[in-house]
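Colleague: when you get a sec, could you give me coordinates for this:
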Amino acid sequence: MSRLAMAVVLMMAVGSVSIGSVTVDSVAMAQQNQFPGVAPPVPSPAPPAIAPGPAAPQAMQQRSPARAPDLVQRRRGPPVAVPRGENDSFPDRATNCVHYGTAAGVQPGEIGQFTRNCVNN
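Modeller: Numbers count the residues shown, from 1 in each chain. You can find the predicted model right below:
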């Protein structure tokens with residue numbers, strides 16, 4: 001083996017050792033959090049004692065007590081009893097009329113007229 005080849009082999013061996021030692025030293029320093037010129041890590045703030053969650057439920061608005069149901073006449077068949085509250089809004093009355101009318105068997109072609117009579121009763 002020539003002197004040049006031996007020198008290259010020796011340089012490669014020394015270079016790998018020095019690179020390996022640098023790697024080993026840097027890992028050891030990282031585990032100890034000691035890097036020159038780098039500030040130590042700042043600890044994270046403590047978590048809150050109670051995690052924030054959804055808002056507390058609000059009190060539901062009390063519906064007014066129901067009065068006696070209205071009897072609504074239909075084209076064919078017996079009248080339909082539709083319950084009403086004291087302060088029901090127009091949409092509440094319309095919904096009740098459609099629900100109770102269809103439950104009582106008012107036909108699809110008659111439910112519009114029945115609902116108009118019921119709401120305006």
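Colleague: sec struct for residue 100, please.
Modeller: helix (DSSP: H, G, I helix; E, B strand; the rest coil).
Colleague: is it true that it touches residue 84?
Modeller: No: proximity of residue 100 to residue 84 does not meet the contact threshold set by Cβ atoms under 8 Å, at 10.3 Å. To be clear about C-beta, it is placed using only N, CA and C from the backbone, and glycine gets the same treatment.
Colleague: the closest residue to residue 77 other than its chain neighbours: which element?
Modeller: Sequence neighbours aside, residue 105 is the residue nearest to residue 77 in space, at 6.8 Å (criterion: Cβ to Cβ, 6 or more residues apart in numbering). Under the criterion DSSP states H and E, no helix or strand holds residue 105.
Colleague: now residue 105: how far from residue 80?
Modeller: Residue 105 sits 9 Å away from residue 80, taking Cβ to Cβ, to the nearest Å as the criterion.
Colleague: neighbour count winner among those two?
Modeller: The residue with more neighbours, out of residue 105 and residue 80, is residue 80; 21 against 12, by other Cβ atoms under 10 Å.
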